[in-house]
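Q: Need a 3D model of the sequence below.
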Amino acid sequence: MPVLSSDQVSSLLALRHDLHRRPEVSGQEQETAARITAELTVLGADRLWQGLGGHGVAAEFTGAGAGPTVLLRCELDGLPIREISDLPYQSEIEGRGHLCGHDGHMVSLLGVAMGLARRPARGRVILLFQPAEETGAGAQAVIEDPRWPEIRPDYAFAYHNVPGRPLGEIGLRPGPGNCASRGMQITMEGKSSHAALPEDGVSPGPAMAALMTSLPGLSQGQIGDQDFALATLTHAMLGEPTFGIAPADGELRVTLRSMTNERMDRMMADAMARVDRVTSGLSVNVQWHDVFRSVVNDPKATAMARTVASVLGLAVTDMEIPMRWSEDFGRIGDDGAQAALLYVGSGVDHPQLHNPDYDFPDALVPVVTDLFCALIDQLLGRAVV
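A: Okay, here's the model as predicted:
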């Protein structure tokens, strides 16, 4: 029997559409967090934490007896991408859009909160609405919040919708599920000169040309291989757009991606060695941005999700290879929880994540709510009314 009534589902979808109209990017989720806090208050959360790691919100629903803590996580932030659609609820903020589905993820967890009107028999459930997932900064900031020890879970689950897979299909993969990634920003400074006398200056141009060939050469293997590595050149800038100046300044940006955290460590060391080899005579600064750890799904937590999805009659598929894209949920597992990320299909022909015409499929909200509530029942039982 579905957890939610048709009226409850309708109210959640109306809320999703409202959230979709007002997307807020990473680190700026004040309005979204306030809306979520108001909803959780109405739904009777036993305890609320606000301002976690920035604008994060967590709600506690306590069972009758002692038991483990089960955390369900979703994301608050949208993207700095212009939405292109004719939806009646399209983004009202120019240059921003909920084009990854976090609006749908949020209301799915609010659906779980509705289901928790009947508390678990034991333990407690934490619903975490995490900030700044898109930059890879939010989960670490939440974990570093001094209040995190009050929340720290024994089990943790989250999901992401996945275009290109059948609608409502539950994809599972024990072990590596999402790649580690990070942005490498290389700034170089030499000495400018007249373009007629370039030998009197020190240009970053030759080093940049070498690195634009060398760094993509870090790529190796195919996704699924333990040694898989991918380096993608994303930005290059040399000097000013003039004809009379031999340049002094240059910048390269490269995204590094690997299946495991250990492979990322080796990839970073190799990238730094390649920079060092070609930048003699230049002042060089390397900074790292958007740092994501690999999501490594706990086999036991993944098996629990498989059992529950099968009992509910949902289509379940074993994913042969991880996702290339990264997910900030990996840090929750790193912190000690038995954690699993579920990959829920959003339609074979659905626009891809971060496409300007992407929109979260409303049909997934009751599917995920039923699945997560059943997982809670499996782990904590359901109190007898």
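
Q: where does the stretch 251-385 of the chain dip in pLDDT?
A: The model of the stretch 251-385 of the chain has pLDDT under 70 over residues 383-385.

Q: Report the secondary structure state of the residue most central in space within the chain.
A: Among the residues of the chain, the one closest to the centroid is Glu327, at 3.5 Å (Cα atoms, centre = their mean). For Glu327, the assignment made with DSSP: H, G, I helix; E, B strand; the rest coil gives coil.

Q: Renumber starting at 23 from here on
A: Sure, I'll start numbering at 23, so the last one becomes Glu349.

Q: Could you check how far it is from Val318?
A: Taking Cβ to Cβ, to the nearest Å as the criterion, Glu349 is separated from Val318 by 11 Å. (C-beta placed from N, C-alpha, C; glycine too.)

Q: Phi and psi next, for the residue nearest to the residue nearest to the centre of the chain when sequence neighbours are not counted.
A: In this structure, Glu349 finds its nearest non-sequential neighbour in Asn200, 4.4 Å apart by Cβ to Cβ, 6 or more residues apart in numbering. Main-chain dihedrals, Asn200, degrees, to the nearest 10: phi -140, psi 150.

Q: For Asn200, give me its contacts.
A: 314, 316-317, 344-345, 347-349, 351-352, 363 (Cβ atoms under 8 Å, 6 or more residues apart in numbering).

Q: Tell me which stretches of the stretch 273-407 of the chain form strands.
A: 305-314, 317-319, 338-340, 360-367 (DSSP state E, counting those that start in this stretch).

Q: Okay, Val389 and Gly49: tell me how far apart.
A: From Val389 to Gly49 the distance is 30 Å (Cβ to Cβ).

Q: the more surrounded of the two?
A: Higher neighbour count among Val389 and Gly49: Val389, with 22 against 17, using other Cβ atoms under 10 Å.

Q: element containing the closest residue to the more buried one other than its chain neighbours?
A: For Val389, ignoring the flanking residues on the chain, the nearest one in space by Cβ to Cβ, 6+ apart is Gly190 at 5.0 Å. Following DSSP states H and E, there is no helix or strand that holds Gly190.

Q: thinking again about what came up before, in this structure the residue nearest to the centre of the chain contacts Arg315, no?
A: No. Glu349 lies out of contact with Arg315 (Cβ atoms under 8 Å); the separation is 9.2 Å.

Q: coming back round to it: report the beta-bridge partners for the residue nearest to Glu349.
A: Val317, Met345 (DSSP bridges).

Q: separation between it and Glu211?
A: From Asn200 across to Glu211, the span is 36 Å (Cβ to Cβ).

Q: which residues touch Leu375?
A: By Cβ under 8 Å, 6+ apart, Leu375 lies in contact with 121-123, 183, 185, 347.

Q: Could you rerun that using 7 Å?
A: Neighbouring residues of Leu375 by Cβ atoms under 7 Å, 6 or more residues apart in numbering: 122, 185.

Q: Repeat that for His182.
A: Contact partners of His182, counting by Cβ under 7 Å, 6+ apart, are 349, 363, 365.

Q: Give me the distance between the first one and Pro153.
A: As judged by Cβ to Cβ, Glu349 and Pro153 stand 15 Å apart.
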